[in-house]
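> predicted model and sequence below, questions to follow.
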Amino acid sequence: MKRTLGFILIVFIGLVLIAGCTEEQASGEELKIGVVASMTGPASTTGKDIWQSAQLAADEINADGGVYIADLNKKIPIRLVQGDDESTREGGQKAVSRMITQDNVDILVGGFSSAVVSAHQSIVAANKVPYIITGASTPTITRNPDVDTSYMFHHAPTCDDSGSQITLFINDTIRPAINAKFGFSADRPLKLAILYQDSPYGKGHQTAIKDTIAKNNLNIDVVAEEAFKMGESDYRTVLTSIKNADPDVVYVAAFLNEQIPIETQAMRDVGLNKIFTAVEPNDDPDFYKGVGKYGEYSIVQSRFSPYTVPKGPTEAAYNKFVTDFDKKFGGFPGMMGVATYEGVYIAAQAVEDAGTLNKTQVKDSIAQIQMPQMVETMKGQTINFSPDYRESKFDLTMEQLFWDGSVNETRPKIIWPASLKETDFILPDWFEPGKT
Amino acid sequence: MEIVKNRTTLLVILVTLLCAILFPIVSGNVYLLTVLIIMLIFIIFSSAWNFLTYTGQGSLGHAAFFGIGGYVSTLIAVKSGLSPYLTIFFGGAAAAFIGLFIGVICVRLKEWFLAMVTFGFAIIIQVLVVSQFASTTGGWDGVAAPPLISSSIPNYLLYEYYSILLIAVLILILFRIILNSRIGLAFSAIRENELEARAAGIDPVRYKLFAFMVSAYFAGLAGALEIHYLGYITPEIFGVDISFWPIIYSISGGLGTLAGPVIGTVVITLIWDSLQSMGLTYARFIIIGVLLILIIIFLPKGIVSLPEKIRSIIDARKRRI
Amino acid sequence: MDLNPEIIVPVLFWGLYAGCIYILLATGLNLIFGVMKVVNFAHGQLLMIGAYVTFTFFVISGFNPYVLLAASIPILILVGVTIERLCFRPILGTGKLNEIFISIGLIYILENAAAIIWTDEWRVLHSPYESITIMIGGMKIPLDYLIIIATTAGILIGLYIFLRRTSLGHAIRATSQNRKGAMLVGINVEKMDMISFGIGAGIAGAAGTLWVVSGQVFNPYMGSIPAVKAFAIVIIGGLGSIPGAIAAGLLLGIAENITIFTIGGAWKDAVAFIILIVVLIFRPTGLFGESGE
């Protein structure tokens, strides 16, 4: 038994030593940014994009000498600290608390999945560390009334924003096109079916669609609302059900591993000859590869596309980012990646504006930031956070997919909004409108 | 009443407890405090899971109770304004009630059947929470849970830690009392041979239901503690990983012993976190997976039996010489 | 809700098709259980490995993916035999919870090894017959699905003949019915364990190939849902009963699809367990299960 006692003592002393040694003091010699990313677990693909994009941004800023701090009257480099949330609530809580209390990070960037982020939200609030959330899409995080969210900023399109833009597009582009082509009267309502993931993400879209229709008094009838389990692979029956409701357009709120079988099974197995819309996370090389020819003429929402870039001010930054990322890590960074890349720049800019590493002043400086848009197109071409819930507003585009024989896959063309479009929306010959 | 068998065991327990009490003060480290709080919550959770195995039952769906405890406690605390320190007991009670219901279905079933039914219940309850009860539970958006102690109070984490430590110790003492009583004897009789137990006048159904309820109660309590500590509850709490952890902790520590879940939780968490700080990602899961298989094959009684095993190996060597 | 035949027939057909993958997994689980009386909860991860093996060989060789059954089945048999020797044999007869525990370890190892080897991006592969459809009874059915249903039937019939007509098959069945008795008549039961685990894993590998050819996406974490369903099927049908698994697989496939159509997709996974619980309340050994075990 003496041995056991000794063992306990050794463990105890060891723990104290670990605890004592690893705590870092804020040196003021570097800007420490904690990156909350799911490096392991089901969300690790996205986590890798987030971490690598943050590294790219930090390297670029450091190559330029770092971030100028007026207080210190010099430029200091950025150092990134990785916080793996393991795609779980407990993992995120530990990672964030470690970054805040051990590594003494000055600011946090990243955060994927609202369930994970909501579990470490309170520790961020209690420690008053500015947090630029670049990965969670439900708006609930910065709107949580029970926690002090004033230090949290949302730099990612919320389901509300993304859902309302798709709905507006369907109303002002697809509806008139159908009515014109089939000689319907101009006031024929568009019949919309919603197929959504049973998750905060899918539910968020469902709510956004209905809110947008009600608020703008759009001439759209929702004829079917069907949910499916996250990660589902067999959609034939739910699509048969939708076919039965006979819509014009099927609005799908799903991730690409779901969107691919949905469109494939709808076209090939169920014969659902309707227009499908996909939400923005699907605009990824894997989607085009997976959906193949069944994606032809379908609609994909986009904020950061692998194959097309909105002409205009963001074009150069887009090309530079995609090329640099591919050179450094190989592959395409994805939309969570680009948002985090911008997030690191926002953090650097805010610290420079504040002229200090003081967290409250940095927070105030993020709240007031007016930064020119970078890779993604923003509303008003500037990155700023709304005063109510601290959300940045994105200008999303809609793309239609067209067959490209040279790559044997479809490729997107921007068809909305009018200011950015490359071509017009086309109703394919096989399209069958819902019977009225 | 004899709670602890001999003086050395008592000494080990006291030293461990002393360490647990002194540790946060000596180190003064907030990150380790958060690690320790989650560790304590999982010690309670794993011990509750382990309690079930005393009757030879097992569960693959204890996340159901963990989550119910969290939801009921949160909703009551939000609606009534009561302190979470009170509502966690309601959370536990709700979990025990559901546990009784599941138990009634399960008592006749053995092993894999039971495992599958409990696993299924976690899934069914999650569906209910996000669909039928969505207006109360907030659906997928979840609900903000009042904190155990307001973060405006200085050193609130330290108070939370000590209160959870106290609850954990009290629960372990309670388990010890139950298992040392006639109930504990009945449990082991049922575990060894249900037919013989019945012949000896023990009603297995009653005892199994009792074990199920107690286990569900404290699993619910642990869930409630975690949720009030984290400050937010979402339906992801019913996930498979939450059901798996108490199994991993209990079996690696040593099934059917009170110390097992405690040691298992501490050791596995420490290994897990140190592997993570070494920057291992996927490899971390592989190492843990290999470790689990090695433990089951070479140390079937868990880490608790390690000193004994080492001693027997040493003795065997000595004898050969 | 109008339930006209135009809708009911396809819904039933999709149920039948969906049942195929489950039945293959469940049959393998049952074979292993029958002989060894252990349950491998990591069976779905073998499906996942089978999918990746098919994918890898397809990318390297460009062969018709159906031909790659010839690669995925033997490789998975090897994997299965290795797992049986290293993990399950040492714990044979030491308690049911240990199997669950070993399986959790295996799930972690297999999923994360796959993530290291193949990354965890979603993958997809297109069958050469993707665009061919055949009209049957007013329904346009993709050729791939017919091949998949036929392949499944072929594998099941092959297994049946193997178990009934060959001496090795007889030995496996004997071990399955009475382990001690089989030992007494000179059957090497440990060899039977290894063979049946290998065959079970091989069938899971075949299911993996079929999963990939049907155009389904996959990543290292895709195996757990089919495995859980397969296990529910095994229990609904009765542990160790292969006809039971087939019946339960079809029942579940159809019930799930009717649920989606009536209550909604959110209930799809729950319905398997509701059926499971109802069946177990009335028949604690499953529909076709023998009493005792």
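That came in fine, so what should we check first? None of the values given here were measured: they were computed from a predicted structure.

> read off the pLDDT value for residue 179.
Using chain A. What the model reports for A:Asn179 is a pLDDT of 94.

> let me rephrase: I mean chain C.
Per-residue confidence at C:Arg179 stands at 90 (pLDDT).

> number of residues surrounding it?
Look at C:Arg179: counted by other C-beta atoms under 10 Å in any protein chain shown, it has 18 neighbours. Every C-beta, even on glycine, is put in place using the N, C-alpha and C of the backbone.

> and what of C:Leu184?
Neighbour tally, C:Leu184, other C-beta under 10 Å: 9.

> correct me, but C:Arg173 touches C:Leu163?
Yes - counting by C-beta atoms under 8 Å, C:Arg173 does reach C:Leu163; the two are 5.7 Å apart.

> more neighbours, the two?
More neighbours surround C:Leu163 than the other of C:Arg173 and C:Leu163, with 20 against 15 (other C-beta under 10 Å).

> which helix in chain B runs the most residues?
Using DSSP state H, we find that the single longest helix of chain B is helix B:204-230.

> following that helix, which helix or strand shows up next?
strand B:232-233 (DSSP states H and E).

> and that next one, how far from the chain's centre?
Counting by C-alpha atoms, centre = their mean, to the nearest Å, strand B:232-233 is centred 19 Å from the centre of its parent chain.

> contacts for that strand?
With C-beta atoms under 8 Å, 6 or more residues apart in numbering or on different chains as the contact definition, strand B:232-233 has outside contacts at A:118-119, A:121-122, A:144, A:147, B:67, B:70-71, B:74, B:142-145, B:227.

> in strands, which of those residues fall?
Judged by DSSP state E, the contacts of strand B:232-233 include B:143-144 as members of strands.

> and which of the contacts of strand B:232-233 is nearest to chain C?
Nearest to chain C among those, counting by C-beta to the nearest C-beta, is B:Gly67 at 14.8 Å.

> how about the residues of the stretch 101-250 of chain A by chain B?
Contacts of the stretch 101-250 of chain A with chain B, taken as C-beta under 8 Å from any C-beta of the partner chain, map to A:101-102, A:114-116, A:118-123, A:125-126, A:138, A:140, A:144-147, A:198-200, A:203.

> if we check chain C, which of these are in contact?
Among these, the ones lying near chain C by C-beta under 8 Å from any C-beta are A:Asp198.

> taking the residues of the stretch 101-250 of chain A next to chain B one by one, which sit in helices?
A:101, A:114-116, A:118-123, A:125-126, A:140, A:200, A:203.

> give me the residue from the stretch 101-250 of chain C nearest chain A.
Proximity of the stretch 101-250 of chain C to chain A (C-beta to the nearest C-beta) peaks at C:Val124, 3.9 Å away.

> which pLDDT value belongs to that residue?
pLDDT, C:Val124: 87.

> again with the one 5 residues further on
Reported pLDDT at C:Tyr129 in the predicted model: 87.

> thought A:Arg175 was touching A:Ser185, still the case?
No - the criterion here is C-beta under 8 Å, and A:Ser185 misses it with A:Arg175 at 11.9 Å.

> circling back: for the contacts of strand B:232-233, which one is nearest B:Phe238?
Taking C-beta to C-beta as the measure, B:Phe238 lies nearest B:Gly67 of the contacts of strand B:232-233, at 4.6 Å.

> which residues are in contact with the closest one?
B:Gly67 neighbours (C-beta under 8 Å, 6+ apart): B:122, B:125-126, B:129, B:223, B:233, B:235, B:237-238, B:242.

> quick one: which of those residues is most hemmed in?
Per-residue neighbour counts (other C-beta under 10 Å) across these peak at B:Gly223, which has 35 neighbours.

> near chain B at all, stretch A:45-54?
No - using C-beta under 8 Å from any C-beta, stretch A:45-54 never reaches chain B; the gap is at least 8.9 Å.
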